[in-house]
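Participant: Fold the following for me, if possible:
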Amino acid sequence: MAQRRFKKKKLFLGLMLGGLLLKVFRIWFISFNPFFLYHTTNKILMACAVLVSAAVVEDDLDDENASESNKKSLADKTIKSSISQTGREDQTDSPRINNSHWFISGLSLGCFMFLQWVFCSEVSVLCRWCGTPYPNRGPVPNPHGLLVLLSSALGLLIALLQPNLAYQTIGLVITFLSTLFLLYTRSYPCFIAGLLLIFFLSLSGPALYQRACQSAPAPTILVALATKMLGGLSFVWVTGYNFLPYGVYMRERTDIVILVAVVTIFIGLFSYKLIPIPECFTFGVLSTSKENKLIKVIIACLFLLGAAGFAFRYPNLVKKITNKSERDTLTVGVWAFRLGYKNDGLPNLDAAVELIRNTDADVFSIIESDASKPFIGNNDNCAFLEEALGWYCDFGPSTKDHTWGVMLLSRYPIIGSQHHLLPSPEGELAPGISAVIDVGGENIEVVTAHFGNDGDDLDRKLQAQYIANLTQRSELPLLYVGYLTSAPGSRDYNELLSNGGLQDIDPTDTDRWCLYIMYKRLVRLGFARISRGLLSDTEVQLGRFALSSLDIEGEAERITTTSDEGVSEKTRFSSFFGEDNNSDDSKLHSYHMGTPKYFIRNLKTGVN
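Facilitator: The predicted structure follows:
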C-alpha cells in the first residue's frame, strides 16, 4: 500500500516537472509546442503517450496482484494480534480511502488543472493578458516571461518543502486579491497579480493531489477531467458566444469563470484543512533527502535552461530591420490569419514568415491573430513573427478583452498606438489598432480593425461610424488595412469613404469581401491580390504607396495598367508570385483576380 502511494506521488511530481519542461520547450520554440508543429512529431508523441500509459497500467496491475497475494497472509496475523490485545479488530493501523469526499476533491483538482492550462502552459500568455499599447507596452514575453517560469518553479519547490503553506488563510486572501487585480487592471499591476496566482497554483498542486489520492480514485478523476473540460468549453463560450447556443449568458464572462475556479480551489483546500491527513498521504514522508535534493536540482536546471532560451532569442528583438527608410515607397499588406493555423490544422508560422518576406511589404495587418487562449493552443503569434521577421509588433487588444485579435507588424518603429474595442451591442467584440509609424522621419498612421459578423447589422453600422470618425480626425497620412465584412458600395463601405475621408485603393474591383486597403493623404502606386494557398482560407492583399513628394492633386490623372511596361522598378511588386516563378511556394500563392495593378501617371505628364 505504501509503495503504491509512493508511486502516485512520483507520478504527480513527474506531471508537475513535465509541465515545467513543456514551458522550457515552448520558450525555445517561441511559444509553440514542438510536438504539435509537425505531423511526425505529433505521431511520435502520441505513440510515447500510449506506451507510458500502458507501462503505468501494467505496473499498477502488478502491484494489485502482489497486494492480493500478501493480503491473506497478513490479514490473519493482524486480526489475531488485534483481538488478543483489545478484544476486537484494530482498523486504525492502515489508512482508509475516504469515499465521502471524492466530489469536492475532483472538483477542486479539476479547477486546478483548468487554471494551469489557462495560465501556466505557456509563459507569454500572462503578458498578453496584461499588454498595453505603444510606447509603454507593459510586460512583454521576452524577458518578462522568465518571471512566469520562475513563479511556477518556486511555487512547486516551496510546496515540496513546506506543503502546509497552501492551507494558510493569508495566502488564500492574497491569491483572491491577486485574481481581482489580474482581471480588472492592466500593465504591470495585472502582471504582478498574475505571477502571484501562478505561484499559488504551483503551491497548491501537491495539496490538491494528495487529497485526490485519499479519495475514491475513479469518481475523483472523472469529476476532475470533466471540470477541466467544462472550464475549457466556458472559455470558448465567453469569446465565441455569437456562434454558440445560449452564448448571451456567457458573453464576456471570463472574470466569472476564473473567480469560480479560484474559489472552488479555496473550498477544496479549506475542507482539507478541516480533515486531518494521515501521515502516509503527505508528500514529504516517503521522500528521502537524496530525492528532495534531486528534485531541487531538476527544477533549478529547468529554470536555467528556460533563461538560456530567452537569452538566445533576445538579440532578435533588439536587432530591428530599419535599413529601408531611404526607399520612396511604402508597401502594406492585410491578411486574415485564422489564428495561425494552416488548413490541415497545424501551425503555419514558418510558412507565414516566408510569405510576408516574399511580398517585400513594410507594414502588415494580421486579422484574427490572438491564439493566446487554451482552446487554440496558447500560442503567441505576435512574439514568433516579431522575432522571426525582426520587425515591430503591436498586439491588441489584450487577450482578456474577448476578441479574436488583430496584430500590426511594421518594419519601421511604432512610436505610439491605441487599442480599440469597437461598438458591438449584438455580436462578437470587434478589435482595432491605430498606430503611428516613423517611416524614415515621416509619421504615417495605420489603422486596422476586424469588423463584426455580417449578420449583425447594427454592430457593423456602429463600427463603421467609429472607424470613420477615427480616420476623419487624423491629420497624418493614413492607411486603413482591415476587415470590413461588407461588399464594395455597401453602407459601411461608403461610410468609411464619405465620412472617414478615405479612398479605396481600387474602387473598380467589386469582387472583394472583408479585406480592404484604403488611404488618405498618400499617393497609390499599385494593388495586388495573392491567392490563399494552403496557409489560410483568405487571400493576401498588398498596396504600394509613394513616400516622395509626388503631386497628390494629380492622382486623378493616373491611369490603371496590369502591365509592367512603363512601371519603374521601385513601384513593381515582387516577382516571386508572378507567372515566371516556378517554385513550389509561388504555385501555392500567386497573383490573381487581374492583379497586380499599377496606377501610373499619364504619359503626357510622365511615368512613375
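Participant: P135 contacts Q418, doesn't it?
Facilitator: No: P135 is not in contact with Q418 according to Cβ atoms under 8 Å; the separation is 11.5 Å. Heads up, the C-betas are built off the backbone N, CA and C, glycines and all.
Participant: Show me which of those two is the more surrounded one.
Facilitator: Using other Cβ atoms under 10 Å as the criterion, P135 and Q418 rank with Q418 on top: 16 against 10.
Participant: On the three-state scheme, that one is what?
Facilitator: Following DSSP: H, G, I helix; E, B strand; the rest coil, Q418 is assigned to strand.
Participant: Not counting sequence-adjacent ones, nearest residue to it?
Facilitator: Once flanking residues are discounted, Q418 sits nearest to S434: 5.0 Å by Cβ to Cβ, 6 or more residues apart in numbering.
Participant: Please apply the same query to L305.
Facilitator: V24 (5.1 Å).
Participant: any chance you could map the strands in the stretch 201-350 of the chain?
Facilitator: Under the criterion DSSP state E, counting those that start in this stretch, the stretch 201-350 of the chain contains strands at 329-336.
Participant: circling back: counting neighbours, what do you get for the residue nearest to Q418?
Facilitator: Other residues close to S434 by other Cβ under 10 Å number 24.
Participant: and it, what are its phi and psi?
Facilitator: Per-residue torsions, S434: phi -120, psi 130 (degrees, to the nearest 10).
Participant: Going forward, the N-terminal residue is numbered 678.
Facilitator: In the new numbering, first residue 678, that becomes S1111.
Participant: continuing past the helix or strand hosting C804, what's the next helix or strand?
Facilitator: Assigning secondary structure by DSSP states H and E places C804 in helix 802-807. Later in the chain than helix 802-807, the nearest helix or strand by DSSP H and E is helix 818-838.
Participant: now the strands: where do they sit in the stretch 1128-1277 of the chain?
Facilitator: 1155-1160, 1180-1181, 1192-1197, 1200-1207, 1217-1223, 1236-1238, 1274-1277.
Participant: These into CSV, with extra columns for mean neighbour count, mean pLDDT and distance to P1090?
Facilitator: Output for the strands of the stretch 1128-1277 of the chain, formatted as CSV (neighbours: other Cβ atoms under 10 Å; pLDDT from 0 to 100; distance: least, Cβ to Cβ, whole Å):
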stretch, mean neighbour count, mean pLDDT, distance to P1090
strand 1155-1160, 26, 95, 16
strand 1180-1181, 18, 94, 26
strand 1192-1197, 22, 95, 21
strand 1200-1207, 24, 93, 23
strand 1217-1223, 24, 94, 18
strand 1236-1238, 13, 84, 33
strand 1274-1277, 23, 89, 28
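Participant: remind me which residues of the chain are low pLDDT?
Facilitator: 678-686, 736-777, 950-965, 996-1004, 1225-1234, 1257-1264, 1279-1285 (pLDDT under 70).
Participant: helix/strand/coil for the spatially most central residue of it?
Facilitator: Using Cα atoms, centre = their mean, the residue of the chain that lies closest to the mean C-alpha position is S1049, 1.3 Å off. Following three-state DSSP, we place S1049 in the coil state.
Participant: Go ahead and confirm it touches G808.
Facilitator: No: under the criterion of Cβ under 8 Å, S1049 makes no contact with G808, lying 9.7 Å away.
Participant: export stretch 805-814 as CSV, just CAs?
Facilitator: C-alpha atoms of stretch 805-814 as CSV (Å, rounded to 0.1, in the frame of the first residue of the first chain):
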residue,chain,number,x,y,z
ARG,A,805,-0.8,39.0,-23.5
TRP,A,806,-3.5,39.3,-20.7
CYS,A,807,-1.8,42.5,-19.4
GLY,A,808,-0.3,44.1,-22.5
THR,A,809,-0.9,47.8,-23.3
PRO,A,810,-0.3,49.9,-26.5
TYR,A,811,3.0,51.6,-27.6
PRO,A,812,5.1,53.3,-26.3
ASN,A,813,4.6,51.8,-22.9
ARG,A,814,3.7,48.2,-23.8
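Participant: one step back: what's near enough to touch the residue nearest to the centre of the chain?
Facilitator: 799, 801-802, 805-806, 1055-1057, 1076 (Cβ atoms under 8 Å, 6 or more residues apart in numbering).
Participant: backbone phi and psi for it, please?
Facilitator: Residue torsions, per degrees, to the nearest 10, at S1049 are phi -80, psi 50.
Participant: Which of the residues in the helix or strand hosting G696 are classified as buried?
Facilitator: Taking DSSP H and E as the criterion, G696 maps to helix 679-705. Buried residues in helix 679-705, counting neighbours by 16 or more other Cβ atoms under 10 Å, are found at 682, 685-686, 689-690, 693-694, 696-697, 699-705.
Participant: Show me the helices in the stretch 928-1077 of the chain, by range?
Facilitator: 931-951, 966-995, 1026-1036, 1058-1066 (DSSP state H, counting those that start in this stretch).
Participant: sorry, back to before: now do the contacts for the residue nearest to Q1095.
Facilitator: Contacts for S1111 (Cβ under 8 Å, 6+ apart) come out as 1094-1095, 1097, 1122-1124, 1147.
Participant: Reformat the residues you listed as JSON lines; add distance to S1213.
Facilitator: Shown next, in JSON lines, are the contacts of S1111 (distance: Cβ to Cβ, whole Å):
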{"residue": "S1094", "distance to S1213": "25"}
{"residue": "Q1095", "distance to S1213": "27"}
{"residue": "H1097", "distance to S1213": "24"}
{"residue": "E1122", "distance to S1213": "26"}
{"residue": "V1123", "distance to S1213": "21"}
{"residue": "V1124", "distance to S1213": "22"}
{"residue": "L1147", "distance to S1213": "27"}
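Participant: which of those residues has the most neighbours?
Facilitator: So for the contacts of S1111 (other Cβ under 10 Å), the most neighbours sit at V1123, 27 neighbours.
Participant: beta partners for that one?
Facilitator: A1112, L1156 (DSSP bridges).
Participant: Tell me if I'm right that it and L1155 touch.
Facilitator: Yes: with contact defined as Cβ under 8 Å, V1123 reaches L1155; the gap is 7.5 Å.
Participant: For P1100, the count of nearby residues, please.
Facilitator: 18.
Participant: Against D1169, how distant is it?
Facilitator: P1100 is 13 Å from D1169, where distance means Cβ to Cβ, to the nearest Å.
Participant: cool, and Y918?
Facilitator: When Y918 is compared with D1169 (using Cβ to Cβ), they lie 22 Å apart.
Participant: swap in L907?
Facilitator: 38 Å.
Participant: The closest residue to V825 other than its chain neighbours: what secondary structure?
Facilitator: Distance criterion Cβ to Cβ, 6+ apart; nearest residue to V825, sequence neighbours excluded, is V800 at 4.1 Å. Here V800 is recorded as coil under three-state DSSP.
Participant: right, and D1037 touches T1248 too?
Facilitator: No: counting by Cβ under 8 Å, T1248 is not a contact partner of D1037; they are 11.7 Å apart.
Participant: what's the helix or strand where L874 lies packed up against?
Facilitator: Element membership of L874, judged by DSSP H and E, is helix 864-891. Helix 864-891 sits against helix 679-705, helix 779-792, helix 802-807, helix 818-838, helix 846-861, helix 894-917, helix 931-951, with contacts defined as 3 or more Cβ pairs under 8 Å, 6 or more residues apart in numbering; DSSP states H and E.
Participant: most tightly surrounded among these?
Facilitator: helix 802-807 (a mean of 27; mean count of other Cβ atoms under 10 Å).
Participant: For that helix, name the packing helices and strands.
Facilitator: For helix 802-807, the packing partners by 3+ Cβ pairs under 8 Å, 6+ apart are helix 818-838, helix 864-891.
Participant: No further queries at this time; thank you.
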